[in-house]
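Trainee: Generate a structure from the sequence data that follows.
(chains A and B)
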Amino acid sequence: MFKPRPAQEAVLAYSKGTMGIAAVPGSGKTWTLSQLAASLIINGHVPDDKEVLVVTLVNSAVDNFKKRIAFFLEQQGYLSGTGYRVRTLHSLAREIVAKVPSAVGLSNDFSVIDERIGDSILQGAFRATYPRYESYVQEYLKGDLNAFRRKKIVSEELPKAIQDVMRSAISHLKNKEIYPSMLRDRIVEDAPIMVHLIADVYERYQHGLATRGALDFDDLITMALRCLNNDESLVEELRETWPYILEDEAQDSSALQEAVLRKLVGDEGNWVRVGDPNQAIYETFTTAHPRYLKEFLVEAQAKRSLPNSGRSGKPIINLANELIRWVNEEHPVTALRDALSRPYIEPTPPGDPQPNPAEEECRLALIFKGDDQDIEKQRVVKSLKKWLPDHQDATVAVLVPTHAHGAALVKIFDKEHIPYSDALLRLTTSTREAAGALSSILQHLAHPSHNKSLPIVYRIWFYRVMRRQETEENKVQFDEHVSWLAECLENEAFIWPSATNDWLEAQKPHVPGTLYESFAAFREQLQRWHGLVLLPIGELLTALAQDLFDEPEKLAMTQVFGDLLYDRIQYHLGAEQRILTLDDLQKELVVIAKDQRRLRSIEADKTGFDPEAHKGEVVIATMHGAKGLEWDRVYLLSLNDYEFPSGYSEDQFRAERWFVRDSLSMEAELLAQLDAVLNETAYEEGAATQEARYDYARERLRLLYVGITRARKELMITSSTGRGKNKPAEPFNALKRYVEEMHASS
Amino acid sequence: MDNRVDVVGGTHVFLDGPAGAGKTTAAIARINALIEKGVHADEILLLVPQRSYTIPYEEALGAATWYRLGKGTLGGMAQRMVALFWPLVLETSVYDFDEDKPPTFLTYEVAQFFMAKLVNPLLQQGYFAELRLIRNRLYSQLLDNLNKATVNQIPLEQVQDYLRSDSGTDASRKLLFNDIANTILAYREHTIKHNLLDFSLYNDVFWELFTQEPEVKAYMSRQFKHLVYDNAEEDFPLAHSIVGAWLEQLESSLIISDTDGGYRKFLAANPGSASDLRMSSDVYVQMDENRHTPLHVQQVGTALVESVGMRTFSSEQLEGSDEPGFFVYSDRLHHEMIDRAIDHVIDLVHDGVSPGDIAIISPFLSDSLHYSLSTRLERAGINFFAHKPSRTLKDNPMTKVLMTITALAHPQWGLARPTLEAVTHMLDLIIGPLDLVRATLLAASVYEESNEGLGLRAFETVTPELRDRITFVVGEQYDRFKAWLEAYSANEELPIDHFLSRIFGELLSQKGFGLFQDNDAGVQVAMVVESARKFRQAVSTVQEKEGESVGKAYVEMVQEGVVSAFYNIEWKGDEDAVLLTPVHTFLLRNRIYSYQVWLDVSSPSWHKRIPQPLTNPYILSKDWEIGRQWSASVEKYFEVERLEKIVLGLVRRCSTRVYAYFSELSVAGQEQTGNLLAALSRTKRQYVDTSFRFNEEVHNV
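Mentor: Numbering: from 1, shown residues only, chains lettered A, B, ... in the order given. The predicted structure is shown next:
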């Protein structure tokens, strides 16, 4: 039976107005917020046909909330799904737009394009525009590049870098609700040439979206706000429908997102915002900023905190708090002292159902031996090899700054035979599995006579359609079946037997009954799938998905695939008068399965990962990917001044391309030029780069805080020289001194 | 009191009542009574909003009467009258038609073709720049504006003023409506100039004739002396105006309106203007007793309607009973919901219920849903048939195959060569004993994608090993097919509809071919042939001037995704089969079923209309006041009204029990929640364990 702590009780006593809650990592905010939602309904604060709206960041959190709220309400006689609604910000925006899509020039089946299509449209827009501006862009190159390098950069790396900037610029403009025509109006004659480039690309990009009847993610929020601003009665209707809005992970909100929620709440509404400004780690990828939550925490009618966390042992809590303190009081770069803020984490009170792990079970180490990043990884591997055998019932994670580091670790682990899971690292697991299964069946449908496809499709049927687990017993059975199936050289004799040529009947006397039945059922399934070949691709995939998947994210991805492939079909029909075949489409799916995806949709894809299900193996993840999760032992790697810069002029920053003069960040500078035009202010080269450095450094400090607070009992933080030129990061040094002093005094 | 006496005997009668009250039965009795009195059947006109409403009459009246009875829609009559009185039109119409050309009546598809030709250059000029809409929807919605304006008797010049009600403060919307106005006026000008009469134009012209040329009305009155106008509430205001103005010329009339109808509002149906016809009638009869729906279903249904929105009912009407009438089930996943629903259908059939007494109803019937339902029903050995409303021509499998055959047979048109895959699928469908695997082997062996001619080799050129696998029976049929195409290519090219008709008749429907004795396939081919014929007739004069092949233009139109004009769906189906149908199609079918299975009741599609950014059936209506602003609350009002009608309409067409199912997650894995589910939730708390059962297993009829 859930018994709230005093701080949680204070939150649960809420019944109206605005309330801001600062929650430390592991404080049980999801549980508290779910309880609050359920209580508001049960206690009659929410009339029968109204709902509590819970808004969160990622789909995995949506599932958590829904399960918890539904369970409690069902006990009280409510049908599940009534009295509350849980949405990510984007799905909420979609729902708002879907109420009156015609008001913003959309039909009701408007689609929100997958980012890959968005990238493809952007690429087309950019390529059509860039040649006119190429020579101006080259002014940003360093002067001392040799001719050969320069040629390569000019033809490959520079255009790619500028195209990436275009993506950020378009997102930036949409978040300011500036449309192409509005931007054009603001561009004066002597505006920087790069702003003209942005305007041209933006226009073409939007046109590309318009012909597809589609929105991108940024459009979604903008359109939602437009709908609300244009239609007061819609606002009234929604305020009435949702008299309470509870917002989780509010530190990741952007100005536009906050504007949408503020509009829904109104001046007199009920709004609870929970978040931890110290865990705002998505700034660089989005327009989110923790200052919006911080400001709300000041202005709210009620201010609460959830400071108690039972997740980590005291030494780790103290380390996290020390990081906050050092940043606030001693960081050598004063501009960064606001990167983290209080409250400090407090352990749970005595008698709490979630007591902190005992101090004697905890271990802290910060290690730097002057190694480069490869040797650093080897040390970690050595440490794990020693630790794992005695800790099969424990959970452990190695958290790295980037996917590239993670991929390198995977190779090493394979070589060293260390059991691991890279499910979080391969953040597209669901996508890849879904795309893989569907493309295999599509390939069979495209080439039904290829007998090599049969075992592959049989595997999918055996495990997915028949909902079998990959147990040893099933593997043995599957292998036996497949070895029989490999004997079938003529697919038609199996799938569509004739009176004189029936492969399965011919096998009957020789095979076990269960195998015969299995093959007979498989054949029936194949015949049904063969009947689908003439359906439109979206319907074909949906029909297949109903047979294959139970997981909601795979069903959702199937819809995305259908949209993607439909788009490809339309594109080829229009641009090349070519009709894509099933073979073409399955190849597209394979490419999708291998593609990297941007963080936003990656996060949307990462549903339901449970560290407890990976005991006895090492979870490899990026620090970003680890947010919200916890392990008994955590390794944090690469705490050097490249991955965690401090804003010094000699620091290197990822966003600053080596071939650009004066260490400028192209993105920061071009966005600053854009803002100067929009705001009619002066532009000063270099200022934006410096500010971007500080923003990045602040975010990395918060990332370190997130990394530290993933550990329950044991935390190993290592640094390296990178590829040989770097040194330990300032926070690493500070924390190392702290730990050494602690050990010395004890 | 037996109202039927008044219905049968009265001179000009207006009859209304809910579904199941016996209105059509009374109308049939009236027709029989007229015949008995000596009226000739061909002097009686049975007028309906769409042809499917005539089915109960066909079933009930004798063949002789049915054959001779006048019947049809107002649109059909308008077309006939305009064609008949064309010389008069040329003389007197305000429209400046070409005197040297006959009128060409356009189907909805062909109208889109001409709209596309007009719109495409305008898009280059920046028209509709802010719009995010797939191209063929742009054409169809522009046409919808024309049609709705006409049937609501709104001058085209005012369309923009009406549509502006939906612009809010958004400046780009106002620009959009300018574009719409200019486009539809340009389109009207173009069609007048070339005597191309689409639905809106020939109805406008007919109204002109009817109201200004007495001889037209006189002709119609000589032809028909008695009128039976059923389901008037599903017809549009123009039809009501014409009928209203005609009544005094008729010897008798019976106008029937379903009290809670108006399911075709998205097609401009107007129950309000139908009710106005009561003023022109001598006798008003109300039949308010629903004879089919049992009390325990009616009461829960009534409570559900009350929960949906605006109506209130007396406590008697809401009194519960212990007899279970509504069963509601929840599952997490969509396919779990389907499994459970089909399991219950199987249980019912095994308990002795005829499949023909069961209807499975969903907001939409997509291909994938149809697949999910049909595979399970097939596995259980239960007969079913599906009603699916219009979709794009190119999404219809039969159309794809016919277009492949057409492209193969006409290489001189310069169309893209069919892919190997398209030829494979074509062979699979058209050759009787062929399957997808053997079709792949065959196509790979005989088809030359790069060839500029027919590109099909003889079966004998296939290797002996493959011939064995493909089988000689298939090979024979293939060779026949090839020979037919070769013979065709050697002769003069036929018009596309003639070509399709001939190949179907001479080959594809013959024994050994895939469409042999396949009625469904025959119907689909007939629809494509009709579509192609109407296209050819309409387009050929224009195309001849431009030097393009009409057949090629048709194939290209299909590939562009033009909406199908096949609203005239074959209703009859199989009487002893479970019906699978979307909800609006079920309601328009207007028949009683013992058991109704409602799928996906958590989907918002139950109450949401299909909004279109370029048009709005509620705004482009004679009931809408110019200057009034469309808003979310207005949208909500109509959503509630729509859902009320749907629920009432369904409940009144159920004679035993309703099973309703929902899943937490949609077929796309997304959470969904809609007004119908919310209403069910409220109703559940009212009737729990009595007439409303939740997640309770049922094993008896």
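Trainee: Buried residues, stretch A:118-132. List them.
Mentor: Judged by neighbour count (16 or more other Cβ atoms under 10 Å in any protein chain shown), stretch A:118-132 contains these buried residues: A:118-126, A:129-130. Where C-beta positions appear, they are placed from N, C-alpha and C, glycine not excepted.
Trainee: again, but for stretch A:680-691
Mentor: Neighbour-count burial for stretch A:680-691 flags A:683, A:688-689 (criterion: 16+ other Cβ under 10 Å).
Trainee: Tell me the residue of the stretch 451-600 of chain B that sits nearest chain A?
Mentor: Of all residues in the stretch 451-600 of chain B, B:Arg469 sits closest to chain A, at 6.0 Å by Cβ to the nearest Cβ.
Trainee: re the thing from before, can you list the buried residues of stretch A:118-132 in CSV and add pLDDT, distance to A:Glu249 and secondary structure?
Mentor: Shown next, in CSV, are those (pLDDT from 0 to 100; distance: Cβ to Cβ, whole Å; DSSP: H, G, I helix; E, B strand; the rest coil):
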residue, pLDDT, distance to A:Glu249, secondary structure
A:Gly118, 82, 24, helix
A:Asp119, 81, 26, helix
A:Ser120, 80, 30, helix
A:Ile121, 84, 29, helix
A:Leu122, 89, 28, helix
A:Gln123, 87, 32, helix
A:Gly124, 85, 34, helix
A:Ala125, 89, 32, helix
A:Phe126, 91, 33, helix
A:Thr129, 90, 37, helix
A:Tyr130, 91, 37, helix
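Trainee: how near is A:Ser102 to A:Asp219?
Mentor: Using Cβ to Cβ, to the nearest Å, we find A:Ser102 at a distance of 16 Å from A:Asp219.
Trainee: wait, which of the buried residues of stretch A:118-132 is closest to chain B?
Mentor: When those are ranked by distance to chain B (Cβ to the nearest Cβ), A:Ile121 comes first, at 12.5 Å.
Trainee: need the contact list for that closest one.
Mentor: With contacts defined as Cβ atoms under 8 Å, 6 or more residues apart in numbering or on different chains, A:Ile121 is in contact with A:113, A:205, A:208-209, A:212.
Trainee: Please list which of these are also close to chain B.
Mentor: On the criterion Cβ under 8 Å from any Cβ of the partner chain, A:209, A:212 are the entries of those that sit beside chain B.
Trainee: which ones are touching the closest residue in space to A:Val618 that isn't next to it in sequence?
Mentor: Taking Cβ to Cβ, 6 or more residues apart in numbering or on different chains as the measure, A:Val618 lies nearest to A:Tyr420, with 4.5 Å between them; neighbours along the chain are not counted. With contacts taken as Cβ under 8 Å, 6+ apart, A:Tyr420 has the following neighbours: A:410, A:413, A:617-620.
Trainee: Now for these: which two are most distant?
Mentor: Of all pairs drawn from the contacts of A:Tyr420, the one with the largest separation by Cβ to Cβ is A:Val410 and A:Glu617; the distance is 12.4 Å.
Trainee: any idea of the pLDDT on residue 384?
Mentor: Answering for chain A, as no chain was given. We have a pLDDT of 95 for A:Leu384.
Trainee: um, chain B though
Mentor: According to the model's per-residue confidence, B:Phe384 sits at a pLDDT of 91.
Trainee: same question, B:Pro611
Mentor: The predicted local distance difference test score for B:Pro611 is 64.
Trainee: A:Thr88 too?
Mentor: With respect to pLDDT, A:Thr88 has a value of 86.
Trainee: ok so, going back, quick one, grab the pLDDT at the residue of the stretch 451-600 of chain B closest to chain A.
Mentor: Looking at B:Arg469, its pLDDT is 93.
Trainee: coming back round to it: ok, of the contacts of A:Tyr420, which one's closest to chain B?
Mentor: Checking those against chain B by Cβ to the nearest Cβ gives A:Val619 as the nearest, at 25.2 Å.
Trainee: Can you classify the closest residue to the closest one other than its chain neighbours by secondary structure?
Mentor: Nearest non-adjacent residue to A:Val619, counting by Cβ to Cβ, 6+ apart: A:Ala397, 4.3 Å away. Secondary structure of A:Ala397, reduced to three states by DSSP: H, G, I helix; E, B strand; the rest coil: strand.
Trainee: partners of A:Ala397 in the sheet?
Mentor: Assessed by DSSP bridges, A:Ala397 has beta-bridge partners A:Val619, A:Val634.
Trainee: quick one: it from chain B, how far?
Mentor: Here the distance between A:Ala397 and chain B works out to 28 Å (Cβ to the nearest Cβ, to the nearest Å).
Trainee: How about the contacts made by that residue?
Mentor: A:Ala397 makes contact with A:611, A:618-621, A:626, A:629, A:631, A:633-635, A:710 under the criterion Cβ under 8 Å, 6+ apart.
Trainee: With A:Ala688 instead?
Mentor: For A:Ala688, the contacting residues are A:665, A:668-669, A:671-672, by Cβ under 8 Å, 6+ apart.
Trainee: Domain boundaries for the chain, per the record?
Mentor: Since you didn't name a chain, this refers to chain A. Structural domains annotated on chain A: A:6-99+A:220-306, A:114-211, A:363-426+A:608-727, A:429-595, as defined by automatic domain parsing.
Trainee: Oops, wrong one, chain B.
Mentor: B:3-80+B:213-286, B:103-199, B:295-391+B:571-694, B:393-560.
Trainee: Turn those into CSV, columns for mean neighbour count and distance to A:Asp641.
Mentor: Formatted as CSV, the domains of chain B follow (neighbours: other Cβ atoms under 10 Å in any protein chain shown; distance: least, Cβ to Cβ, whole Å):
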stretch, mean neighbour count, distance to A:Asp641
domain B:3-80+B:213-286, 19, 64
domain B:103-199, 19, 46
domain B:295-391+B:571-694, 20, 43
domain B:393-560, 18, 56
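Trainee: For A:Ser440, find the nearest of those.
Mentor: Distance to A:Ser440, taken as Cβ to Cβ, is lowest for domain B:393-560 among those, at 16.4 Å.
Trainee: So what would you say the end-to-end distance of the closest one is?
Mentor: According to Cα to Cα, to the nearest Å, domain B:393-560 extends 9 Å from its N-terminal end residue to its C-terminal end residue.
Trainee: ditto for stretch A:408-425
Mentor: Stretch A:408-425 has an end-to-end distance of 11 Å (Cα to Cα).
Trainee: So for that stretch, what gets flagged as buried?
Mentor: By neighbour count with 16+ other Cβ under 10 Å, stretch A:408-425 contains the buried residues A:408-409, A:413, A:418, A:420-425.
Trainee: average pLDDT across it?
Mentor: Here the average pLDDT along stretch A:408-425 is 87.
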